[in-house]
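Peer 1: Quick one, fold the following:
(4 chains)
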Protein chains: 2
Amino acid sequence: MSTAKNYKPTESELEILGILWEKGAGTVREVHEILEKSKDAGYTTTLKLMQIMHEKGLLKRDTSSKTHVYEAAISQESTQQQLLTKMIDTVFNGSATQLVMQALGNHRSSQEELDKIKQYLNEIEQQQKK
Amino acid sequence: MSTAKNYKPTESELEILGILWEKGAGTVREVHEILEKSKDAGYTTTLKLMQIMHEKGLLKRDTSSKTHVYEAAISQESTQQQLLTKMIDTVFNGSATQLVMQALGNHRSSQEELDKIKQYLNEIEQQQKK
DNA sequence: ATTTGTTTACGAAGATATTCGTAGATCATA
DNA sequence: TATGATCTACGAATATCTTCGTAAACAAAT
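Peer 2: Sure, this is the predicted structure:
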């Protein structure tokens, strides 16, 4: 069986996870209203999706009141990590560097952000020297 | 209708594209033998997938000899770009920087690669000043 | 108490992706 | 020419994802 940890969320599931990561816990109604802005789907569709995600262990939920409150059960970081790894593997010939350069080249970053990255690079180098 | 350009390949399709990008043109048999190493599927499954990909415009094929020869019809770069954009958007809160740092942090890069990235950063900065 | 609105649960239809068996064509070779 | 190996084409079964209608529970308002 696949635990939630290494389960690969579908496209729709990722959209919902994204919303919950950003806003923290929320009801189906709340999630749905945000979702509607970028997608059109009925309320029960969102409900069903979130129920399935709960079954799969992707969401936790609090059913103590009539209106259930959901929350992401997997962290954004671990999900990012998993998707990145997969992507590097299948599309970037296994090279993280290739991915980084591609991302930097085509998604305009501000000077501030570039500085942040530079600083981070230095930190990594320091660590490696030890 | 969606052209091959903006069509989003499925998981299986990406695996096949990855193989063809790396090795260049190839027959179903060749692709299948590489695919088998990481996945188990029958020969006709791979065949069918590649035929469908051809219909969708993801692969070109040369049918002049009995054994057809396939080739990727979409570039690795544009596909990388498309997937990156989507991923940044849904999983990294729209921040390419966040993705870059996550990738750097968890996928060990050699000093050489780090230097390459630094150099690339400098190039970007130069460009921006103009 | 009845109506109205909101919620969950359930089931099923529809869409898409994946898998593979089987048949027929082609070719090498015994 | 027959045999066997390899290939494509086709169709269909299976699995998975997505969508939504409907019903039942509940609460608030009339």
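
Peer 1: mind checking how far the residue nearest in space to the middle of chain A is from chain B?
Peer 2: With distances taken as Cα atoms, centre = their mean, the residue of chain A nearest its centroid is A:Gln76 (4.7 Å). From A:Gln76 across to chain B, the span is 7 Å (Cβ to the nearest Cβ, to the nearest Å). For the C-beta atoms, the positions are set from N, CA and C on the backbone; glycine is no exception.

Peer 1: How is chain A partitioned into domains?
Peer 2: Domain assignment for chain A, taken from automatic domain parsing, gives A:10-72, A:76-129.

Peer 1: Nearest to B:Tyr120, out of those domains?
Peer 2: B:Tyr120 lies closest, by Cβ to Cβ, to one member of these: domain A:76-129, at 5.4 Å.

Peer 1: Tell me which stretches of chain A form strands.
Peer 2: For chain A, the strands defined by DSSP state E cover A:59-62, A:69-72.

Peer 1: Would you mind giving the ones you listed as CSV with mean pLDDT and mean neighbour count added?
Peer 2: Shown next, in CSV, are the strands of chain A (pLDDT from 0 to 100; neighbours: other Cβ atoms under 10 Å in any protein chain shown):
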stretch, mean pLDDT, mean neighbour count
strand A:59-62, 97, 18
strand A:69-72, 98, 18
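
Peer 1: Can you convert those strands into TSV and add a column each for distance to chain B?
Peer 2: Output for those, formatted as TSV (distance: least, Cβ to the nearest Cβ, whole Å):
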stretch	distance to chain B
strand A:59-62	16
strand A:69-72	12
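
Peer 1: Of these, which is nearest B:Ala72?
Peer 2: strand A:69-72 (36.0 Å).

Peer 1: Quick one: residues contacting A:Leu20.
Peer 2: The neighbours of A:Leu20, taking Cβ atoms under 8 Å, 6 or more residues apart in numbering or on different chains as the test, are A:26, A:31, A:59, A:70-72.

Peer 1: which of the residues in the top helix by length along chain A are buried?
Peer 2: What stands out as the longest helix in chain A, according to DSSP state H, is helix A:111-129. Across helix A:111-129, burial judged by 16 or more other Cβ atoms under 10 Å in any protein chain shown covers A:113-114, A:116-117, A:121, A:124.
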